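Student: predicted model and sequence below, questions to follow.
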Amino acid sequence: YRRQFSMYPSTEPFDTGMFKVSDIHSLYYEVSGNKEGTPVVFLHGGPGGGTDPTDRGFFNPEKYKIILFDQRGAGKSTPSACLEENTTWDLVKDIEKIREHLKIDKWHVFGGSWGSTLSLAYAQAHPDRVKSLTLRGIFTLRKSELKFFYQDGASHLFPEAWEEYIAPIPEAERKDMMLAYHAQLNSADEETRLKAAKAWAKWEMWTSKLYVDPAHIAHADNDAFATAFAKIENHYFVNEGFMREGQLFDKQEIDKIRHIPTAIVQGRYDVVCPATTAWNLKKVFPEATLSIVPDAGHSSREPGIAKLLVEATDEFAQL
Ligand SMILES: CNCC(=O)c1nnc(C(C)(C)C)o1
C-alpha cells in the first residue's frame with residue numbers, strides 16, 4: 001500500500017478525548033495505530049492549523065502508537081482561536097502534560113513548518129524525552145523569514161495572490177502587513193475579522209504547493225478554520241514566537257539535541273519557509289540528515305516530501 005501511495009492508510013483512533021491543560025484551554029487528542037507500538041507525537045503547523053485524520057498516514061500503524069492533538073485554540077481544541085495563555089512555551093508544557101497523561105516515557109517527534117518550530121523548542125526543553133525528530137519545511141520565526149513571506153519576497157512569485165492578500169489593508173498601513181493584519185484580525189467588528197482571516201489564510205493556501213491547488217485554497221473558505229489559523233498565526237508572529245531572534249539556533253540550545261536521530265525534509269521551491277532556514281539548521285546540526293526535494297514546495301502532501309517523510313518514520317520506527 002505504501003509503495004503505491006507513499007503514505008499509510010489512516011486507521012481509526014482507539015482513544016480520543018478532550019484534555020484540560022489550563023483554566024482556559026482544553027485540547028483535543030487522539031491515539032491510533034498499535035497500542036503496543038513505539039509512540040510518536042505529531043505537531044501540526046500554523047500555528048493554529050489543527051490536525052487532519054490523514055496526518056496519521058505518515059506513520060506505519062503496525063509499528064507506531066500515533067498521537068495527534070490540536071494545539072491551543074486550534075482545530076477541535078477549545079476555546080477556538082483563543083489567544084489568552086497561548087504562547088510557544090505554553091504549548092511546550094502541553095506536550096509534556098499529554099505525554100504524562102498518556103503514560104509515555106519517551107516518544108518520536110514529527111513536525112512540519114510551525115510544527116518543526118515547536119518540535120525544536122520541545123526537544124531543546126526536554127531532550128531526554130525525544131527518541132527522534134522528523135522535521136519538514138523548517139521555520140524558526142526569525143524576522144527575515146517572516147518578512148519574506150508576509151512583507152516582501154514570496155509576493156514576487158505570486159503577484160495575483162499577493163494583490164488579494166493586501167486588498168483588506170489600507171495603502172498607508174501596507175509597510176507593516178503583519179501589524180496591519182493584527183488590527184483587523186482582532187477588530188471589534190466581526191465582518192472585518194472574518195474578511196481579514198480569509199485573506200490571510202488564502203495567501204498561505206495559495207503558496208503552499210509547487211502547483212497551486214484550488215482544493216487546498218478552498219480550506220480558507222471555512223470560517224472557523226480561517227479564523228483560528230489567521231488569528232493564532234498572526235498572534236505568534238507579531239510576538240516573534242515568544243523567542244529571542246534565532247534562539248533555536250543558539251549553540252547551547254542546539255548542543256542539547258545533536259545526539260537525537262534527526263531527518264530534515266525541505267522543498268526546494270518552498271516559498272512559505274524557504275530552504276535557507278533548513279540549510280542554516282543543517283550547518284549547526286551536521287548530524288541531522290537534510291533532503292531537499294527538487295520538485296516540491298512547502299506542503300507535507302507534495303509527493304516527493306511525503307515519500308521522504310514516510311521513509312524517515314519507517315527508519316526511526318526501528319530505534
Ligand atoms: C507560516 N505557517 C506555516 C505553517 O505552519 C503551515 N502552513 N500550512 C499549515 C497547515 C497545513 C496546518 C494549514 O501550517
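Tutor: Now that the structure is in, tell me what you want to look at. Numbering: from 1, shown residues only.
Student: can you map out the helices along this protein?
Tutor: Taking DSSP state H as the criterion, the chain contains helices spanning 2-5, 88-101, 114-125, 143-150, 159-166, 177-185, 190-207, 214-217, 223-238, 251-254, 275-284, 303-316.
Student: what does the protein put close to the ligand?
Tutor: Residues of the chain that fall close to the ligand, judged by C-beta under 6 Å from any ligand atom: 44-46, 49, 113-114, 139, 204, 208, 233, 272. Glycine gets a C-beta too; all of them are placed from N, C-alpha and C.
Student: keep only those of those residues that are in strands.
Tutor: Counting by DSSP state E, those place none of their members in strands.
Student: can I get those in a markdown table with distance to residue 301?
Tutor: Listed next are these as a markdown table, based on distance: C-beta to C-beta, whole Å:
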| residue | distance to residue 301 |
| --- | --- |
| 44 | 13 |
| 45 | 12 |
| 46 | 16 |
| 49 | 13 |
| 113 | 12 |
| 114 | 16 |
| 139 | 17 |
| 204 | 14 |
| 208 | 9 |
| 233 | 19 |
| 272 | 13 |
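Student: in a markdown table, list these along with pLDDT and neighbour count.
Tutor: Below are the residues of the chain next to the ligand laid out as a markdown table (pLDDT from 0 to 100; neighbours: other C-beta atoms under 10 Å):
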| residue | pLDDT | neighbour count |
| --- | --- | --- |
| 44 | 98 | 25 |
| 45 | 98 | 30 |
| 46 | 98 | 22 |
| 49 | 98 | 24 |
| 113 | 98 | 26 |
| 114 | 98 | 27 |
| 139 | 98 | 29 |
| 204 | 98 | 26 |
| 208 | 98 | 26 |
| 233 | 98 | 24 |
| 272 | 98 | 21 |
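Student: on that earlier part again, quick one, which of the helices of the chain is packed in tightest?
Tutor: With neighbours taken as mean count of other C-beta atoms under 10 Å, these reach their highest mean count in helix 114-125, at a mean of 25.
Student: sorry, back to before: quickly, which of the helices of the chain bottoms out on average pLDDT?
Tutor: The minimum mean pLDDT among the helices of the chain belongs to helix 2-5 (a mean of 52).
Student: can you say which of the helices of the chain is nearest to residue 245?
Tutor: Closest of the helices of the chain to residue 245 is helix 143-150, at 6.3 Å (criterion: C-beta to C-beta).
Student: now the closest one against helix 190-207, angle please.
Tutor: For helix 143-150 against helix 190-207, the angle by axes from the mean of the first three to the mean of the last three C-alpha atoms, to 10 degrees is 100 degrees.
Student: show residues contacting helix 143-150.
Tutor: 139, 153-154, 177-178, 207, 237, 240, 245, 271-274, 277 (C-beta atoms under 8 Å, 6 or more residues apart in numbering).
Student: how about a cut-off of 10 Å?
Tutor: 117, 138-139, 142, 151, 153-155, 165, 176-178, 181, 200, 203-204, 207, 233-234, 236-238, 240-241, 245-246, 271-274, 276-277, 298 (C-beta atoms under 10 Å, 6 or more residues apart in numbering).
Student: C-alpha coordinates for it, PDB please?
Tutor: Taking Å, rounded to 0.1, in the frame of the first residue of the first chain, the C-alpha atoms of helix 143-150 are listed here in PDB:
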ATOM      1  CA  LYS A 143      12.500  38.400  11.300                       C
ATOM      2  CA  SER A 144      13.900  37.600   7.800                       C
ATOM      3  CA  GLU A 145      11.600  34.600   7.500                       C
ATOM      4  CA  LEU A 146       8.500  36.500   8.400                       C
ATOM      5  CA  LYS A 147       9.400  39.400   6.200                       C
ATOM      6  CA  PHE A 148      10.000  37.100   3.200                       C
ATOM      7  CA  PHE A 149       6.500  35.600   3.400                       C
ATOM      8  CA  TYR A 150       4.400  38.400   4.800                       C
END
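Student: all good on my end, thank you.
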